[in-house]
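>>> Provided below are the primary sequence and the corresponding predicted coordinates.
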Amino acid sequence: MSDEFQNTDDRRRDLAAFANAGGQPQQPVPGGHALVRPTTAITDRVIGAQPVAVNRDEARILTKLAALAAAAGDDWFYRFPVRRRDGGQDWIEGASIKLANDVARIFGNDAVEVREIDVGDAWVFYARFTDIETGFSMERAYRQRKSQVSLKTKDADRQQDIAYQIGQSKAIRNVIVNGLQIYCDYAFEQARNSLVNKIGKDIAGWRERTIDGIRKIPVALERVQNVVGRAAKDWLAPDIARVIAMMRSIHDGMSTTDEVFPPLETAATGPAASTVQVADGARDASPVGETTGEGGRPAAAEHPTGAGEDRPMNAAPDPIVVAYDRGKAARAAGATRKAIPAEYRDAARSREALAWTSGFDGAPLPTFPQGESP
């Protein structure tokens with residue numbers, strides 16, 4: 001073999017090694033980044049509508065989804081908090097990977113494919129959904145960091161395996177939920193409503209099982225109560241359903257325990273202190289004494305309600321203050337602004353309705369001059 005051919009072969013070999021095309025183990029690159037490693041591509045892409053043996057029946061699909069939602073319950077959705085730029089807190093609810101898989105299966109005549117690209121400190125998963133019957137196709141990318149920790153273990157390889165699977169599942173879920181949005185939204189609502197109805201039939205049993213599940217996470221019950229906005233013994237069916245959904249988000253690796261149930265802030269100085277839940281999840285502590293009413297709630301004299309001034313400590317709570325505090329608690333529990341209590345919809349209780357809305361919005365307690373009609 002001549003020197004010319006020898007040099008050509010050497011250059012080809014060196015180039016292949018540089019690109020890692022041979023699939024050899026890749027050496028770490030300083031800074032946590034690596035050359036993009038090629039993976040198996042999706043080559044057999046279906047383009048355009050294809051003839052199928054059995055055509056899709058949308059009405060039958062919705063009927064099946066409703067029936068399965070009743071059995072799936074919390075397996076089909078999750079819930080976790082996110083911080084707003086202004087320091088407040090919003091909630092994200094969505095379909096789980098199990099819901100996405102079931103919807104794609106019931107919808108039928110479709111295909112879901114995934115390919116992965118290693119970019120050093122993360123994987124980028126490209127998931128594609130294709131409706132074979134109509135020819136519609138959608139592809140979405142999802143970046144999964146390798147450093148995500150979702151399990152307390154000293155086995156770094158196992159932790160990375162889990163992070164990889166979480167990223168793959170999220171990529172699949174995202175493309176199905178976006179490709180079949182109306183069906184996934186319907187399945188999500190059906191599952192959430194069925195869970196609330198199911199809990200309502202045995203609220204005491206569900207409350208006990210939910211509290212037991214909280215212990216197994218493990219997380220202090222006080223942290224959960226702080227997020228919900230009321231004591232566990234007073235949880236209603238929607239409250240329990242929300243807690244279950246939040247626990248599901250932790251179990252599925254959507255968020256961490258501290259993100260869903262933030263640690264309690266240090267209480268105010270003094271042996272006895274009470275807290276009032278506010279919209280952004282912060283805690284406003286004040287010593288129990290002459291300035292607080294029943295249950296640690298600020299006495300009516302603290303609020304500029306006019307009619308509530310100089311109320312004796314043993315007097316009944318001011319209904320305006322009660323409504324205001326209920327509005328704040330509803331916001332903290334993740335309720336919507338439209339969820340005003342039914343009793344406040346009465347025209348005779350319009351002041352309380354306004355106070356509830358003000359509490360929900362985080363606005364100051366409204367004032368009402370003496371003798372003013374509602």
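All right, it came through fine. Residues are numbered from 1 along each chain as shown.
>>> from here on, just use CA atoms for contacts and neighbour counts.
Fine.
>>> give the closest residue to residue 127 in space, chain neighbours not counted.
In space, residue 127 comes closest to residue 114 once its chain neighbours are excluded; the distance is 4.3 Å by Cα to Cα, 6 or more residues apart in numbering.
>>> my guess is the one you found meets residue 130, correct?
No: judged on Cα atoms under 8 Å, residue 114 makes no contact with residue 130 at a distance of 11.7 Å.
>>> out of the two, which sits in the busier spot?
Using other Cα atoms under 10 Å as the criterion, residue 114 and residue 130 rank with residue 130 on top: 24 against 19.
>>> pretty sure that one is touching residue 108, no?
No: with contact defined as Cα under 8 Å, residue 130 does not reach residue 108; the gap is 10.6 Å.
>>> backbone dihedrals for residue 363, please?
phi -90, psi 160 (degrees, to the nearest 10).
>>> oh, that last question was meant for residue 148, not what I typed.
Main-chain torsions, residue 148, degrees, to the nearest 10: phi -60, psi 130.
>>> so the nearest residue to it once chain neighbours are set aside, which of the three states?
Among residues not flanking residue 148 along the chain, residue 163 sits closest, at 6.0 Å (Cα to Cα, 6+ apart). Recorded secondary structure, residue 163: helix (DSSP: H, G, I helix; E, B strand; the rest coil).
>>> show me the contacts for residue 163.
By Cα atoms under 8 Å, 6 or more residues apart in numbering, the residues touching residue 163 are 144, 145, 146, 147, 148, 149, 150.
>>> and if you look at residue 69?
Per Cα under 8 Å, 6+ apart, neighbours of residue 69: 76, 187, 188, 190, 191, 194.
>>> try it again with 6 Å
Each residue near residue 69 by Cα atoms under 6 Å, 6 or more residues apart in numbering is listed here: 190, 191.
>>> hang on, it in a helix?
Yes: counting by three-state DSSP, residue 69 falls inside a helix.
>>> send the alpha carbons of the helix or strand where residue 168 lies over as CSV?
When elements are assigned from DSSP states H and E, residue 168 belongs to helix 156-179. The C-alpha coordinates for helix 156-179 follow below in CSV (Å, rounded to 0.1, in the frame of the first residue of the first chain):
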residue,chain,number,x,y,z
ALA,A,156,-24.9,7.8,40.9
ASP,A,157,-25.4,5.5,38.0
ARG,A,158,-28.9,4.5,39.2
GLN,A,159,-29.8,8.2,39.8
GLN,A,160,-28.7,9.0,36.2
ASP,A,161,-30.8,6.0,34.9
ILE,A,162,-33.8,7.4,36.7
ALA,A,163,-33.2,10.9,35.3
TYR,A,164,-33.0,9.4,31.8
GLN,A,165,-36.3,7.6,32.1
ILE,A,166,-38.0,10.6,33.5
GLY,A,167,-36.8,12.7,30.6
GLN,A,168,-38.0,10.1,28.1
SER,A,169,-41.4,9.8,29.7
LYS,A,170,-41.9,13.6,29.8
ALA,A,171,-41.0,13.9,26.1
ILE,A,172,-43.6,11.2,25.2
ARG,A,173,-46.2,12.8,27.5
ASN,A,174,-45.6,16.3,26.1
VAL,A,175,-46.0,15.3,22.4
ILE,A,176,-49.1,13.2,23.0
VAL,A,177,-50.8,15.9,25.2
ASN,A,178,-50.1,18.5,22.5
GLY,A,179,-51.0,16.3,19.6
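>>> next secondary structure after it?
Reading on from helix 156-179 to the C-terminus, the next helix or strand found by DSSP H and E is helix 181-201.
>>> buried ones in that following helix?
Residues of helix 181-201 classed as buried by neighbour count (16 or more other Cα atoms under 10 Å): 183-184, 187-200.
>>> what's it packed up against?
Under the contact definition 3 or more Cα pairs under 6 Å, 6 or more residues apart in numbering; DSSP states H and E, helix 181-201 sits against helix 58-72, helix 237-251.
>>> output the first one as CSV, restricted to C-alpha atoms.
Once non-C-alpha atoms are left out, helix 58-72 reads as follows in CSV (Å, rounded to 0.1, in the frame of the first residue of the first chain):
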residue,chain,number,x,y,z
GLU,A,58,-64.5,9.9,18.2
ALA,A,59,-67.7,9.4,20.2
ARG,A,60,-66.6,5.9,21.2
ILE,A,61,-63.2,7.2,22.2
LEU,A,62,-64.7,9.7,24.6
THR,A,63,-66.9,7.1,26.1
LYS,A,64,-63.9,4.8,26.8
LEU,A,65,-61.9,7.7,28.2
ALA,A,66,-64.7,8.5,30.7
ALA,A,67,-65.0,4.9,31.8
LEU,A,68,-61.2,4.5,32.3
ALA,A,69,-60.9,7.9,34.1
ALA,A,70,-63.3,6.6,36.8
ALA,A,71,-60.9,3.8,37.5
ALA,A,72,-57.6,5.7,37.0
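>>> picking up where we left off before, quick check: mean pLDDT across the helix holding residue 168?
Per-residue pLDDT over helix 156-179 has a mean of 91.
>>> report the inter-axis angle for it versus helix 181-201.
Put simply, helix 156-179 runs at 110 degrees to helix 181-201, going by axes from the mean of the first three to the mean of the last three Cα atoms, to 10 degrees.
>>> in helix 156-179, what counts as buried?
Residues of helix 156-179 classed as buried: 159-160, 162-164, 166-179 (neighbour count, 16+ other Cα under 10 Å).
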